[in-house]
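# okay, predicted coordinates and the sequence, questions at the end:
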Amino acid sequence: MVVAHQDIVQTIETLSYKALPALERRYYDGWLIRYANGYTKRANSVNPIYESEIDVDRKLDFCESFFTNKQLPVTFKMTDYTQPLDLDDVLAARQYRKIGETAVYTMPVFNQSPPQANVQITSHLMPQWLNAFMSLNTIHPDHHVTFERMMELIPQTCSRGYVSLLQDDSVVGVALGVLDEGWLGIFDVFVQPSHRGNGYGRAVVEALLAWGVLQGAERAYLQVQMDNTIALQLYRSLGFSEQYRYWYRVKDLYSGSLDR
């Protein structure tokens, strides 16, 4: 496993918080607590990436109370630079499960080929893209309003690319690109299962990279779970390389659940 410098980890993590905003954010002594009605682990988690001073047990009690009151599992998004550095061991001792190990990949972007004709990228959030994205990603209807609100909360200072890949006038592939401070974040690349194996995932990513260059991107990043071997192979073949990994520590103090 590659371990990136702490500055790169904090930079990409901070960019990703802005690219996929939570509905509620709270800073607590260097820890960022994010809440989004239970839609995704990353948007409903404690992110302990900045230095802190308060006693860790006191902070854990606060976070556990926060998520229990929200009727959700207590979830920490962890890297090798979480603060304090022994937090992963502390959480393990408190019976937090480790799940969802994910690699963060980056690459420089330049001289990208133009997108294929069947890939469309719009800079405005359109109902057609929203509906296709939520359908292909099987987002539970209870979270449709939350997801739409998260998209609306992406800062106006970011360039946004909403990607649709068409086949016979039907959307069979989607993705989201968010450009911020020269970094292009690529999120939720998804191709309908019946259309996989046709190079559509590659077409979507290549289209986003080309779009990013036109928008002024210098580097790109994306996140992929370690058990998704097909996606890992695709991203490596495109020139992405691993920078670092993150994972979750989860404790079910309440019988709630997280979508995705």
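Perfect, I can see it now.
# quick one: secondary structure of residue 134?
Three-state assignment for residue 134 (DSSP: H, G, I helix; E, B strand; the rest coil): helix.
# what residues are up against it?
144, 147 (Cβ atoms under 8 Å, 6 or more residues apart in numbering). C-beta coordinates here come from the backbone N, C-alpha and C atoms, glycine included.
# give me the distance between it and residue 158.
Distance from residue 134 to residue 158, counting by Cβ to Cβ, to the nearest Å: 21 Å.
# same deal with residue 112?
19 Å.
# for burial, what's the neighbour tally of the spatially closest residue to residue 240 that is not a sequence neighbour?
Closest residue to residue 240 apart from its sequence neighbours, by Cβ to Cβ, 6 or more residues apart in numbering: residue 105 at 3.8 Å. Counted with other Cβ atoms under 10 Å, residues neighbouring residue 105 total 22.
# beta partners for residue 105?
residue 222, residue 242 (DSSP bridges).
# kindly report the same for residue 249.
residue 76, residue 98.
# helices of the stretch 51-200 of the chain, residue ranges please.
56-69, 87-93, 127-136, 144-152, 200-215 (DSSP state H, counting those that start in this stretch).
# can you put these in CSV and add mean pLDDT?
What follows is the helices of the stretch 51-200 of the chain, written out as CSV (pLDDT from 0 to 100):
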stretch, mean pLDDT
helix 56-69, 95
helix 87-93, 97
helix 127-136, 95
helix 144-152, 97
helix 200-215, 94
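# just name the most buried of those helices.
helix 200-215 (a mean of 21; mean count of other Cβ atoms under 10 Å).
# which residues touch it?
109-116, 118-119, 121, 159, 161, 163, 165, 167, 172-175, 177, 179, 184, 186, 189, 191, 217, 220, 231, 234-235, 237-238.
# which among those residues count as buried?
Listed as buried from the contacts of helix 200-215 are 109, 112, 115-116, 119, 121, 159, 161, 163, 165, 172-175, 177, 179, 184, 186, 189, 191, 217, 220, 231, 234-235, 238; burial here means 16 or more other Cβ atoms under 10 Å.
# give me the subset of these lying in strands.
Judged by DSSP state E, strands contain the following of the buried ones among the contacts of helix 200-215: 119, 121, 159, 161, 163, 165, 172-175, 177, 179, 184, 186, 189, 191, 220.
# separation between residue 120 and residue 136?
15 Å.
# low-scoring stretches of this protein, by residue?
Along the chain, segments meeting pLDDT under 70 span 1-4, 254-257.
# go again with 90.
Counting by pLDDT under 90, the ranges of the chain that qualify are 1-6, 49-53, 110-117, 168-169, 196-198, 252-260.
# surely residue 105 meets residue 222?
Yes. The pair residue 105 / residue 222 is scored as a contact, 5.5 Å apart, by Cβ atoms under 8 Å.
# between those two, what contacts are shared?
With Cβ under 8 Å, 6+ apart, residue 105 and residue 222 have common neighbours 235, 240.
# quote the end-to-end distance of stretch 176-188.
Using Cα to Cα, to the nearest Å, one end of stretch 176-188 lies 6 Å from the other.
# same thing with stretch 119-128?
Span of stretch 119-128 from end to end, Cα to Cα: 14 Å.
# same deal with stretch 118-133?
Stretch 118-133 end-to-end distance (Cα to Cα) = 16 Å.
# so how far is that stretch off the chain centroid?
18 Å (Cα atoms, centre = their mean, to the nearest Å).
# next one: stretch 134-150
Distance, centroid of stretch 134-150 to centroid of chain: 15 Å (Cα atoms, centre = their mean).
# ok, now stretch 12-31?
On Cα atoms, centre = their mean, the centre of stretch 12-31 falls 11 Å from that of its chain.
# heads up, I number from 372, so please use that
Okay, residue one is now 372; in that scheme the one you just asked about reads as stretch 383-402.
# flag every buried residue along it.
Those would be 383-393, 400-402, for stretch 383-402 by 16+ other Cβ under 10 Å.
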